[in-house]
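Chemist: A structural model of the following input is requested.
(3 chains)
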Amino acid sequence: MTTITRRGALALPMALALAPRLSWAADGDTINLAMLAPLTGPYAFTGQREIIGWQDAVDYANAQGGAHGRKLKLIALDSEYKVDVGVAQWKKAIAEGPVHFAKADSIPLARAMAPENADRYKMLLGTTANGSHLTAKDGFSYFFIPAATYSGLMSIAFGQIKKMAGNAKPKVALVHSNIEFGRDPIPFAKERAKDLGFDLVLEDETAMTGVDVTASAVKLRNAKPDFIVFHGYAGNVWPDILRLSRDYGVTGQAMGTIWSVDPDTVKGIGPAADGFIGIVPHTLQIKGSDAPAIKAIDGYMTRRDPKYPGYAGIGYMSGWAFVVLLREIFSRALAAGKPLDGPSLIEVAAGLKDFDTGGVFGKPVTMVDQNIPFGTVYRYGVTSAGVKLTPIAEGVQAS
Amino acid sequence: MISTIVELSLVGIASGSIYALGAMGFVLIYKASGVFNFAMGEMMMIGAYFLYTGMVIFGLPLAAALPLALIASAATAAGIERFLLRPLLGQPHEVLIKVLFGTGAMLRGLAGLVWGQDIVRLPEILPRKPVFLGPFLIPGTLAWGMLAMFVVFGGFMLYYRFSRTGVAIRATAEDQSTAEAMGIDIRGIFSFTWIVAGILATAAGIVGASVNGLSPYLGNFALEVIAVVLLAGLTSIGGTMVAGIIVGVMLTLLGYFLGGAWQQFMPYLLVLLVMLVRPRGLYGTKLVERL
Amino acid sequence: MATMAAATMRTAGRATVLRWAAIVGLAALALALPAIGNGYVTYMACLILINVIATIGLNVTVGYAGLLSIGHAAFVGMGAYVSALLLIAGAPLPVALVAAAVAAFLFGIVFGLPAIRIKGVHLAISTLAAQFTFYFVAQRWTAVTHGDNGLQTPQVSLFGFSFDSDARLYFLILPFAVASCLTAANLFRTRVGRAFIALRERDYAAEVLGVNVVYYKLLAFAVGATYAGIAGALLSIFLRLVNPDQFVVSVSIFYLTAVLVGGRGSILGSILGALFMTLLPEFMRVVASGLIADTSRYVGQLATFREFLFGALIVLFLHLDPRGLVGLIEKFGGRIEFRG
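Modeler: A predicted model of the protein is given here:
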């Protein structure tokens, strides 16, 4: 009976390790896109929205004929926002069939994937963590970011401040989280503030979650900034800093970048956020646009909820941005008869110039340094009824 | 400078009272049954979602939704005690802790399935209008949260000191077998303390969610509450108030002068130092060990 | 009474045989694994082995000596950072590994100090201080740790043999995992191991019987941390990346869950616990894809459901047998014996 028991003890790991292969290995003709996103854990909020964007965009791309006649196939994997789990999921996808592209969800995960990918797999990679140093010269050979980097977005925010302040010397407060992506563009921002002659009255690094943020609001009150830039949050902490600082009588113009400024998050702040300015890489206003991809998005949104508020979220649009660029990159590589590996695909990507994304980006895109260095500036009109987005400037160049 | 410190301290006292509210539930359960409830954060989260369900999904007024939420969370807490914990009474505490960790994961998953992963906002329950204390300004939610906290705390302390049930809980905490011999239904007491803890957790969860937004991961802030509990010494309900205020003031001052990164570990360093001097915390009772 | 004792002895005897049989069986499977499995299987196997080493370490502290710790990830992190820094500086692999173990040993003594005065849940929480302090230093001391960016570990080699693939790394990690199992199993035949168990059972009594409680408590932490340090060094070599976010509270909880679900004070339990914790998410993915034909549309909900199931399984296992998976397997084996 010991044998039986031992077999019992061994059967479990065996069965798990040699678990059945999933289905995409069978249809070898598809372009397989692996997306690693946090579907559980504190960042699931973003990951769950991203995945819907990817699904819709792949569906749309395939309805348009796929990439040079080949269908795109989405493989969604839960990274739990952990490096070891993320790498494991990536390798699983590789083991189960050809993977033509993989998307990392954090800078650490990108770091963990980069050396092995450069040595062995040589596939095209992308990331939603728009780190400022994810280029070939930093060892990220086959990466691209379908958006501006965090530093790039920060430069757009500062350009907007410059424009609004005119000749006055604006007092700027920088409020950011203490995790890796919250701290990424801060050295750049400080440097830039100095160059532009801003008076950086406050740099406040806060926790990513916290019960009480009054200290930050008090700091803002004492600093009396003309402009407050929030960076590096997902959906919490900063809304309460803003609300509280308004209670304290802080009147400065509030601004924020990418993941922090999902319209739903800003809506949650209520009228205290009225006039908020968000710097985002992609188009968020869906209703009322004539651009073909945006009209298609309107269709998907309406099907899901006929009374949707007319805008899309940041995570959702990042899925579209990826797919619309990937489709083009793969189409061009296939048309030119190039192999679908990292070296040739990143070369194709680098050659993207004035490519029309059907409205997903604010203007035709040109790849520079493995990213798309421009963004769109929205003003958020917030009432108790909801949020209304008005573009202030679309396709603003990062610098 | 001095006035900033005074002002921040006032704010810290207010926010510390919220920690104390969450901590009371911990202490109550620990006192009565010796179980350290690692699912407390998730009980706070679920309680806040119950209120959200009543007010936002069903559109009930606060006066109807709050009692319903409290009843639902009391029932949840009682269910956890009765079905997940009681069968394991007598097992080493690390097993019970792990079961409660597991329970926490179940509640998080359940909340994600029922209410989704989005960060939602509770309707504003407490007035936002700031309160002026002389020259100092306290944010409205904090000030009213503190007031609500003192009412709950005071009411509970009176009940705990003078009611028959309160006496029975204290007797059970003192010595389970003697209490049982004296005719106290100790199982009933266990259930009761969990129900009360569920209600206290809901109150803390609602206040926490109105500051932090509500998502299945709201319970993570329980880590700060745990620091308060240990600083107080696990067995003193009045002590949690003092410890809550200490931690609240400390976090606010740290946040102001040093920034967010310091807030995470300083409370625990303080707890560590205090425990090295007083191993049972500031107000904990010393356990006499016999061979 | 006598029958009970006999039954206990029989169970204990069979359990030992069972344990060894399982270890031998696993070892045989282990040797062949990179040959029969694909890249993913090899990768997971490496990860599991590293987790086994770390879990065994925590089991020494928690399972044998009875000192509850929620700061184990900090010890793993210590080993990872020390080995990464040395490897980057050009130190040979053995030096890096030994240094990682020594550093973690010392770190374990420092953060084991509260154990002299504090017990149980209080102790567990005081180990959280180690956890948060470690994270803070790793994130802030950028001159050495490179802060959030972390350290990129170079590829390692030994006597000219380059560990440049998961399969090769696997054969670097495997001997350490086996050695960890063997040393931990033998530790409890020594004076030190028996002293640990005496601590767990009743530390006052142990003191009365002449066990130097302070010394052995510190040693229990330090020995557990040493295993963690080696696991951390291997992790830094394997992932080629060390950053603060890899060593947070949830990782400590991961190891503690592995110990408690696997089985306190059992080497087989540590292996099963590490297996369970590493593979459960995978297992649930497979189950889910069996239940729903088109999983892609529900991938978000399934991920959430997994979290629920994960908690439910922990609760279920501990309810079925509070000793954990080891206890379950012994029960299962026992039932077969009676029927046979």
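Chemist: distance of the residue nearest the centre of chain A relative to residue A:105?
Modeler: Residue closest to the average C-alpha location in chain A (Cα atoms, centre = their mean): residue A:128, at 4.0 Å. Per Cβ to Cβ, to the nearest Å, residue A:128 is found 6 Å from residue A:105. Using the backbone N, CA and C atoms, a C-beta is placed for each residue, glycine as well.
Chemist: now do the helices in the chain.
Modeler: Since no chain was named, I'll use chain A. Remark: helices assigned in chain A by DSSP state H are A:2-17, A:44-63, A:83-96, A:107-116, A:150-165, A:180-183, A:186-196, A:214-223, A:238-247, A:263-269, A:292-304, A:314-335, A:342-350.
Chemist: chain C, not that one
Modeler: Taking DSSP H as the test, the helices found in chain C are C:2-36, C:39-58, C:72-88, C:93-112, C:120-140, C:142-145, C:166-187, C:191-201, C:203-208, C:213-239, C:249-262, C:267-291, C:299-320, C:325-339.
Chemist: just say which of the ones you listed is most tucked in.
Modeler: With neighbours defined as mean count of other Cβ atoms under 10 Å in any protein chain shown, the helices of chain C peak in mean count at helix C:72-88, which reaches a mean of 29.
Chemist: list the helices and strands that one packs on?
Modeler: Using 3 or more Cβ pairs under 8 Å, 6 or more residues apart in numbering or on different chains; DSSP states H and E, the elements in contact with helix C:72-88 are helix C:39-58, helix C:93-112, helix C:120-140, strand C:151-152, helix C:213-239, strand C:241-242, helix C:249-262.
Chemist: show me the shaky parts of the chain.
Modeler: Reading this off chain A. For chain A, the stretches with pLDDT under 70 are A:1-28, A:210-211.
Chemist: not what I meant, chain B
Modeler: B:212, B:286-291.
Chemist: now for the residue in the stretch 51-200 of chain C positioned nearest to chain A: which residues touch it?
Modeler: With Cβ to the nearest Cβ as the measure, residue C:148 is the residue of the stretch 51-200 of chain C nearest to chain A, at 3.6 Å. By Cβ atoms under 8 Å, 6 or more residues apart in numbering or on different chains, the contact set of residue C:148 is A:107, A:108, A:179, A:180, A:183, A:184, C:139, C:243, C:244, C:245.
Chemist: closest to residue A:323 out of those residues?
Modeler: Nearest to residue A:323 among the contacts of residue C:148: residue A:107, at 21.9 Å, using Cβ to Cβ.
Chemist: I figured the closest one hits residue A:180, correct?
Modeler: Yes: with contact defined as Cβ atoms under 8 Å, residue A:107 counts as touching residue A:180 (5.6 Å).
Chemist: how far away is the residue nearest to the centre of chain A from chain C?
Modeler: Using Cβ to the nearest Cβ, to the nearest Å, we find residue A:128 at a distance of 16 Å from chain C.
Chemist: what residue is smack in the middle of chain C?
Modeler: residue C:55 (1.2 Å).
Chemist: mind listing residues that contact stretch C:207-222?
Modeler: With contacts defined as Cβ under 8 Å, 6+ apart, stretch C:207-222 is touched by B:291, C:60-61, C:64-65, C:67, C:69, C:105-106, C:108-109, C:111-113, C:115-116, C:192, C:195-196, C:198-199, C:203, C:206.
Chemist: mind running it again at 7 Å?
Modeler: When contacts are defined by Cβ atoms under 7 Å, 6 or more residues apart in numbering or on different chains, stretch C:207-222 is touched by residues B:291, C:60-61, C:65, C:67, C:105, C:108-109, C:111-112, C:115-116, C:192, C:195-196, C:198-199, C:203, C:206.
Chemist: likewise stretch A:154-163?
Modeler: By Cβ under 7 Å, 6+ apart, the list of residues contacting stretch A:154-163 reads A:170, A:172, A:185, A:188-189, A:192-193, A:196, A:198, A:227, A:229, A:231, A:255, A:257, A:277, A:279, A:375, A:377, A:396, A:398-399.
Chemist: kindly report the same for stretch A:120-130.
Modeler: Outside of stretch A:120-130, the residues within contact range by Cβ under 7 Å, 6+ apart are A:50, A:94, A:99-107, A:110, A:113, A:117, A:134, A:142-150, A:181, A:258, A:318, A:322, A:341-343, A:345-346.
Chemist: enumerate the residues of the stretch 201-350 of chain A near chain C.
Modeler: Within reach of chain C by Cβ under 7 Å from any Cβ of the partner chain, the stretch 201-350 of chain A has no residues at all.
Chemist: contact residues of the stretch 201-350 of chain A facing chain B?
Modeler: Neighbours of chain B within the stretch 201-350 of chain A, by Cβ under 7 Å from any Cβ: A:204-207, A:209-212, A:214-216, A:218-219, A:235-236, A:239-240, A:244, A:247-248, A:268.
Chemist: so what pLDDT did the nearest residue to residue C:225 once chain neighbours are set aside get?
Modeler: Nearest residue to residue C:225, sequence neighbours excluded (Cβ to Cβ, 6 or more residues apart in numbering or on different chains): residue C:108, at 2.7 Å. With respect to pLDDT, residue C:108 has a value of 92.
Chemist: how close does residue C:108 get to chain B?
Modeler: The spacing between residue C:108 and chain B, counted by Cβ to the nearest Cβ, is 15 Å.
Chemist: and that residue, what does it touch?
Modeler: By Cβ under 7 Å, 6+ apart, the contact list for residue C:108 reads C:75, C:221, C:222, C:224, C:225, C:226.
Chemist: among those, which one lies nearest to residue B:94?
Modeler: For the contacts of residue C:108, the residue nearest residue B:94 by Cβ to Cβ is residue C:224; the value is 14.4 Å.
Chemist: was I right about that closest one contacting residue C:55?
Modeler: No: with contact defined as Cβ atoms under 7 Å, residue C:224 and residue C:55 do not form a contacting pair (10.2 Å).
Chemist: report how many residues lie close to residue B:178.
Modeler: 11 (other Cβ atoms under 10 Å in any protein chain shown).
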